[in-house]
Every structure is written in C-alpha cells, then in structure tokens.
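Chemist: Sharing a model that was predicted from the sequence below.
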Amino acid sequence: MTAIGCYWLPCFLLLVLQGSTGVLGGSCREAKLCCTGRDSSCVVQKAPVNAIIEDLSDKPCYCDHACLKLGDCCSDFKDACGVVDCQVTSWGPWSSCDADCGPGTMSRSRSIKIQPENGGRHCPSLEQRRGCQVSTCYHHPDPAIKEIAMLLPGSLSQSRIANTTSDIRKNLRVRDPSENPQYDPKKTYCVEFEILKASKACRKEESYDALKEGERICVRCESEALHEDLGWRCQGHGVEGRVTRWSALSAPHCHGKWLRAQPQQDATCEARTCKAQTTAFIFV
C-alpha cells in the first residue's frame, strides 16, 4: 500500500495543480466569460469541481458586472471585459469668496478625463463648496446704500393733491416743501429699477403684482416726497451699480431688492414706463 501510495499520489497532486492553473484558473479571458448585468452562472471555478484536495481559498470568481459591487470578480475581469472606471482631474483652485462683506461661499471644480464604460465606477462629484468670511468690508460712501425705498402704487398720487389738508392716507402726507425757499418743483424725477428679488407675498397683492424678478419698473419721486435733509431727493432712490432694498408700504410682506437701471435721476422714463399708473409706483 505504501509503495502504491507513493507512486500515484505525486502524480495526482500534479494533475490537481495543473487543473487549478489551467483554463479555469480564475481567468475571465481564458474561460471566455464576460456577462452583462447580474448573472450567477457566469462563474469561473478556480479549482476543479471534483478535486479531492480542496483549498478554502479557492473560491469561485465571477465575470458578470454584479461582481463589481459584490467584490468577487476574477482578477482580470476589468481588463478582459473592457470595464473602464471613471477618471477625473485633480481639484482646481478655490474661487474667491462671492460676498463683498461677511459670510459667503467659495467653490472649486474638476473635470472628467475618462468616461466610465461597461459598468465601470461612476464619476464622483465634480464641484465642491465651502463657506467663507470676508472681514475687509468695503463700505460705500453714499448713505443711500442703506436706505429702504418705501413704495405705494402710482394710482395713489392724486390723493396728495385732493387731500392737501386732511389726507386719509397719512403716510402720503408730507409737509409742503414749497414753504422752503430752496424748494424747486422742477427737481421732481422718476427712476427705473430692475427687480432682482421679490417676495412671494407680492404676487397676492394686486397693487404690487408688477414687482416681479427680472421686470423693470418706474418709481416717481414727486415734489411732496422730496426730503430737504437728503438734498432734495426721495428716500431709497438707489445707488448706481449697487443693490438696494425696497418695501411696499401698504403690504409690508411684499419686499425685495433692486438695481437702479439708469445712472441718475431721469425725466425721460416718465414717457416710457411712468406714464401708465397701473405699472408705476411712487416714493413715500
């Protein structure tokens, strides 16, 4: 028995080793297997099924795309089956803070070098954002930048004339500036603004539903609203190139931001947009 065992055992081990490194030796290319999707039959047996000597590390490997998620792919699956993972560039530099003063946001991005193919790894995020804080704030020298324009519909303009002594809308009554010798009625003007932001409440107010983002509106500065302490101008008439705020006097929930659409007070916008009282507004 011993002589016989010594004779055939080495030969059997040789056959087992040859079988484990042959066609089915964990290779998708040699097994000619490349299956799409999830296919449990797309398996490569590393060791022969009927092998007497079993190695616990000789587990089968798979050649279907599910193996990418399950982590049981054959060693050459990606190469043999043309699986290409997404490749991206390195992160670019962080952008400058998008705020002129106080808290803001900065971002950086990267691009795709190689698109994924045949079930390869998807591309990661291409943009990142993080908070930032600007401490070196620039304060505009014009105090008008801090003013909030108070608005009323242009149709109420006539009440200033009709009720010179007892105006039921007291917010419209301003002391008659004609008593001041510096007062000049010709200083009245109108200003065009581009609405940058408007609260949702404006849509529910019929008198203010023209205040929509992206729209241009006209606001008249009438003689009764001129302020001597502001250099004979209306409060909140804006600053060139800077965003300022506005609010509807009779509907305080309607408010927003705007940008003056012309460099200075203009009398020509009267004929363009201030003529229609349904779309024009007045400063208070």
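Modeler: It's in.
Chemist: ok, which stretches of this structure are helices?
Modeler: 2-20, 28-31, 67-70, 77-80, 158-162, 269 (DSSP state H).
Chemist: Spatially central residue (nearest the centroid) of this structure, please.
Modeler: residue 129 (10.3 Å; Cα atoms, centre = their mean).
Chemist: ok, that one touching residue 109?
Modeler: No: in this structure, residue 129 is not within contact of residue 109 by Cβ atoms under 8 Å, at 9.9 Å. Every C-beta, even on glycine, is put in place using the N, C-alpha and C of the backbone.
Chemist: Who does residue 192 form a beta bridge with?
Modeler: Beta-bridge pairing of residue 192 under DSSP bridges involves residue 218.
Chemist: Could you check how many residues crowd around residue 139?
Modeler: A count of neighbours around residue 139, defined by other Cβ atoms under 10 Å, yields 9.
Chemist: gap between it and residue 101?
Modeler: Residue 139 sits at a distance of 8 Å from residue 101 (criterion: Cβ to Cβ, to the nearest Å).
Chemist: How about residue 64?
Modeler: 57 Å.
Chemist: Which one's more surrounded, these two?
Modeler: In terms of neighbours (other Cβ under 10 Å), residue 64 is the more surrounded of residue 64 and residue 101; the figures are 24 against 13.
Chemist: got a list of what that one touches?
Modeler: Counting by Cβ atoms under 8 Å, 6 or more residues apart in numbering, residue 64 makes contact with 35-40, 42.
Chemist: Now rank the residues you listed by neighbours and give me the top one.
Modeler: Within those, residue 42 tops the neighbour count with 22 neighbours, counted by other Cβ under 10 Å.
Chemist: Now do the same contact list for that residue.
Modeler: Residue 42 touches 33-35, 62-64, counting by Cβ under 8 Å, 6+ apart.
Chemist: again, only this time at 10 Å
Modeler: The contact partners of residue 42, taken as Cβ atoms under 10 Å, 6 or more residues apart in numbering, are 28, 31, 33-36, 61-67, 74, 77.
Chemist: ok, the residues you listed vs residue 156, which is closest?
Modeler: residue 65 (69.9 Å; Cβ to Cβ).
Chemist: on that earlier part again, overlap in contacts, residue 129 and residue 109.
Modeler: Common neighbours of residue 129 and residue 109 (Cβ under 10 Å, 6+ apart) are 94-95.
Chemist: all strands for the stretch 151-284 of the chain, in order.
Modeler: Remark: strands assigned in the stretch 151-284 of the chain by DSSP state E, counting those that start in this stretch are 189-198, 216-221, 243-248, 255-260, 280-283.
Chemist: The third one - which strands sit beside it in the sheet, and in what orientation?
Modeler: Okay, so that is strand 243-248. Strand 243-248 has the following strand partners under DSSP bridges: strand 148-153 (parallel), strand 255-260 (antiparallel).
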